[in-house]
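>>> here is my input; please provide its structure:
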Amino acid sequence: MKKLISVLCAVAMVFSCVIAVAQQDEQILAGEEKTLKISEQYSEKTLLTVTIASADVENVNSDNRPVFMYLYSTDSKGLFEEDITLSSAWNSGRYTVYIDAPSDARQFDFFYVNPESTASLAVVDSINGCTTGDELFALLTIDDNATLLGIDKSDELFVSYAKDALDYAIESKDGDFTFESFGIAFNDGLSAAKLLENIKNAEVYGELEDLVKENADILGVDFDGDYEDVKQKSKVFVEMFKNIDEIEDLASVSEVFDDAVKKVLKAQKKANSSGGSSSSGSSGTSSTIVLPSTDPVEPIVPVIPVPDTSVKSYTDIDGHFAKDAVSNLSAKNIISGYPDGTFKPDNGVTRAEFAKIAALAFGYESKVTGVFADVTADEWFAGYADALAAAGIINGYDGMFNPNVTITRQDAACIIYRLINQKLSAEDAKLFDDNADISDYAKEAVAKLRASAVVNGSNNMFFPLANITRGEAAVMITNALNVK
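As a prediction, this is how the structure comes out:
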């Protein structure tokens with residue numbers, strides 16, 4: 001049976017061959033390794049009595065005998081560490097450990113699961129008589145049946161996903177369950193239910209992309225077929241995100257994925273045949289952005305022309321601080337240079353250019369609203385500037401956007417900050433030496449971006465009023481896209 005990789009790690013393994021923490025002050029012990037690990041701190045050379053009894057026994061005495069009792073002593077530092085081997089003759093169930101010392105008493109519960117226990121095997125026999133998930137659920141929620149299998153009915157995973165997990169177990173059943181095979185099926189079912197919920201509740205397409213890629217095997221998603229022909233692969237997950245309501249079960253994830261691939265390839269073919277090109281405004285550059293895995297407000301796929309990829313490297317970036325960022329973004333068709341083979345990393349970036357880059361990079365649909373008095377609907381950047389303005393990402397000045405003005409470093413930082421604010425570190429960062437030169441409206445943005453290493457400055461100076469260059473913009477965007 002295939003296993004869920006990414007989600008399985010977050011699911012409590014109720015059937016395990018090692019000690020596993022089930023919830024606070026509780027442990028599950030199962031299989032061959034029946035060792036209870038205890039670690040407590042007291043004063044030095046303290047005598048301790050460790051008693052283990054069934055949790056059903058309210059008062060341990062001569063009539064209600066414990067299953068274990070032994071006298072220990074702490075070491076010279078007051079530490080008590082002991083691995084207590086438990087008897088294979090014990091029945092499965094919940095047990096209580098009592099640790100008694102002078103003027104101190106402590107206790108905790110644990111589940112002990114013995115796969116060979118008559119009571120546990122009887123529950124497995126009853127499970128094999130069930131034909132539906134509902135019957136299984138009813139069986140496990142009466143008496144001590146769940147406890148005999150090491151399942152904590154009060155655990156959040158059981159409460160939230162048990163019914164779906166038991167449906168999964170019934171569907172995957174191949175012959176009678178053994179103690180071990182039911183445990184595997186149930187744990188896989190918990191993982192499948194949790195994975196489906198995570199997919200359906202994905203808040204951004206980047207989150208959906210990560211879940212699909214990490215669990216492609218169990219989801220049946222094929223990345224070796226038509227997907228390989230998609231040039232801007234993030235657009236597939238943007239399209240999936242738009243149709244996330246069509247995902248009803250794990251099997252439907254691959255169907256929605258395949259439909260998204262077909263739609264993106266169709267749009268790609270249309271864009272290729274149109275031979276269109278993109279203008280990036282007054283500087284004469286051509287900036288093309290692939291949608292990355294980050295927060296879109298309305299993740300609609302814009303029609304993005306295919307960039308000129310004939311230039312594999314640029315003649316003027318060797319030794320430049322932005323070389324890696326420029327090369328990486330260019331290799332992904334995120335940015336492009338000039339026809340003469342240069343990138344001109346030290347050229348400025350206009351507000352119009354930066355707005356278009358930011359809008360495309362973070363998945364905002366081009367939408368003309370006429371919010372700025374100096375931006376007409378036929379301008380190449382109008383839809384991007386208006387979309388960001390509608391989302392509160394850019395503001396302008398007294399109703400003016402000033403599209404052809406070169407954008408300052410602090411204004412670029414404000415735009416990036418508003419796009420990724422929820423992903424930024426909450427820790428305080430060291431202030432730049434020229435913090436006093438940063439406008440009040442940009443101080444928080446610069447500080448938060450520095451804490452998450454999106455902006456770094458030079459010699460502890462940020463130069464907030466300097467115009468951002470193409471190289472600096474490439475580095476800032478790269479750093480922003482790398483924030484998880």
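
>>> for the stretch 101-250 of the chain, what spans make up the strands?
104-113 (DSSP state E, counting those that start in this stretch).

>>> helices of that one, start to end?
Counting by DSSP state H, counting those that start in this stretch, one finds helices in the stretch 101-250 of the chain at the ranges 118-128, 133-140, 145-148, 156-172, 179-200, 205-214, 216-219, 234-242, 250-274.

>>> most packed of these?
helix 234-242 (a mean of 24; mean count of other Cβ atoms under 10 Å). Every C-beta, even on glycine, is put in place using the N, C-alpha and C of the backbone.

>>> so what's the gap between that helix and the chain middle?
Helix 234-242 sits 17 Å away from the centroid of its parent chain (Cα atoms, centre = their mean, to the nearest Å).

>>> same check on stretch 447-455?
21 Å.

>>> need the distance between the two termini of it.
Using Cα to Cα, to the nearest Å, one end of stretch 447-455 lies 9 Å from the other.

>>> list the buried residues for it?
For stretch 447-455, burial by neighbour count (16 or more other Cβ atoms under 10 Å) applies to 447-452, 454-455.

>>> what lies in contact with it?
Here stretch 447-455 makes contact (Cβ atoms under 8 Å, 6 or more residues apart in numbering) with 409, 413, 416-417, 420-421, 423-432, 446, 456-457, 462, 476, 479-480, 483.

>>> A helix includes residue 447, no?
Yes - assigned with DSSP: H, G, I helix; E, B strand; the rest coil, residue 447 falls within a helix.

>>> pLDDT wise, what is it at?
At residue 447, the model reports a pLDDT of 93.

>>> any idea how far residue 237 is from it?
32 Å (Cβ to Cβ, to the nearest Å).

>>> let's have the helices of the stretch 101-250 of the chain in TSV, adding distance to residue 87 and mean pLDDT.
Below are the helices of the stretch 101-250 of the chain laid out as TSV (distance: least, Cβ to Cβ, whole Å; pLDDT from 0 to 100):
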stretch	distance to residue 87	mean pLDDT
helix 118-128	15	91
helix 133-140	26	93
helix 145-148	17	87
helix 156-172	28	85
helix 179-200	18	87
helix 205-214	41	83
helix 216-219	39	86
helix 234-242	53	82
helix 250-274	42	83
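
>>> about what we covered before: the buried residues of stretch 447-455: which two are farthest apart?
447 and 454 (11.0 Å; Cβ to Cβ).

>>> report the contact partners of the residue nearest to residue 438 when sequence neighbours are not counted.
Leaving aside its chain neighbours, residue 438 sits nearest to residue 464 (4.4 Å; criterion: Cβ to Cβ, 6 or more residues apart in numbering). The contact partners of residue 464, by Cβ under 8 Å, 6+ apart, come to 408-410, 413, 434, 437-439, 442, 446.

>>> one more time with 7 Å
By Cβ atoms under 7 Å, 6 or more residues apart in numbering, the contact list for residue 464 reads 408-410, 437-439, 442, 446.

>>> who wins for neighbours among those residues?
Of all the contacts of residue 464, the most densely surrounded is residue 446 (25 neighbours; neighbours counted as other Cβ atoms under 10 Å).

>>> show me what contacts that residue?
410, 413, 438, 455, 462, 464.

>>> how many residues are close by the residue lying closest to residue 395 once chain neighbours are set aside?
Once flanking residues are discounted, residue 395 sits nearest to residue 389: 7.2 Å by Cβ to Cβ, 6+ apart. Applying other Cβ under 10 Å, we find 19 residues neighbouring residue 389.

>>> what strand or helix carries residue 389?
Residue 389 belongs to helix 382-390 when assigned by DSSP states H and E.

>>> elements contacting that helix?
Counting contacts by 3 or more Cβ pairs under 7 Å, 6 or more residues apart in numbering; DSSP states H and E, helix 382-390 packs against helix 351-361.

>>> and the helix it packs on with helix 382-390, angle?
Counting by axes from the mean of the first three to the mean of the last three Cα atoms, to 10 degrees, helix 351-361 points 80 degrees away from the direction of helix 382-390.

>>> export helix 351-361 to CSV, keeping only CA atoms.
What follows is helix 351-361 as a C-alpha-only set of coordinates in CSV (Å, rounded to 0.1, in the frame of the first residue of the first chain):
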residue,chain,number,x,y,z
ARG,A,351,7.0,52.8,-10.7
ALA,A,352,5.0,51.5,-13.7
GLU,A,353,7.6,48.8,-14.3
PHE,A,354,7.8,47.7,-10.7
ALA,A,355,4.0,47.6,-10.5
LYS,A,356,3.7,45.3,-13.4
ILE,A,357,6.5,43.0,-12.1
ALA,A,358,4.9,42.9,-8.6
ALA,A,359,1.4,42.2,-10.0
LEU,A,360,2.5,39.4,-12.3
ALA,A,361,4.9,37.9,-9.7
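
>>> helices and strands around it, which ones?
helix 382-390, helix 409-420, helix 470-481.

>>> got the angle for the second one vs helix 382-390?
Between the direction of helix 409-420 and that of helix 382-390, the angle (the same axes, to 10 degrees) works out to 70 degrees.

>>> same deal with the last one?
Note on geometry: by the same axes, to 10 degrees, helix 470-481 and helix 382-390 are set 50 degrees apart in direction.

>>> how far does helix 470-481 sit from its chain's centre?
From the chain centre to the centre of helix 470-481 is a distance of 23 Å (Cα atoms, centre = their mean).

>>> and that helix, C-alpha only, in PDB?
Extracted C-alpha coordinates of helix 470-481, given in PDB (Å, rounded to 0.1, in the frame of the first residue of the first chain):
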ATOM      1  CA  ARG A 470      17.200  46.500 -11.900                       C
ATOM      2  CA  GLY A 471      19.800  44.400 -10.000                       C
ATOM      3  CA  GLU A 472      18.500  45.500  -6.600                       C
ATOM      4  CA  ALA A 473      14.900  44.800  -7.700                       C
ATOM      5  CA  ALA A 474      15.900  41.300  -8.900                       C
ATOM      6  CA  VAL A 475      17.500  40.600  -5.500                       C
ATOM      7  CA  MET A 476      14.600  41.900  -3.500                       C
ATOM      8  CA  ILE A 477      12.000  39.900  -5.500                       C
ATOM      9  CA  THR A 478      14.200  36.800  -5.300                       C
ATOM     10  CA  ASN A 479      14.400  37.200  -1.500                       C
ATOM     11  CA  ALA A 480      10.700  37.800  -1.200                       C
ATOM     12  CA  LEU A 481       9.800  34.700  -3.200                       C
END
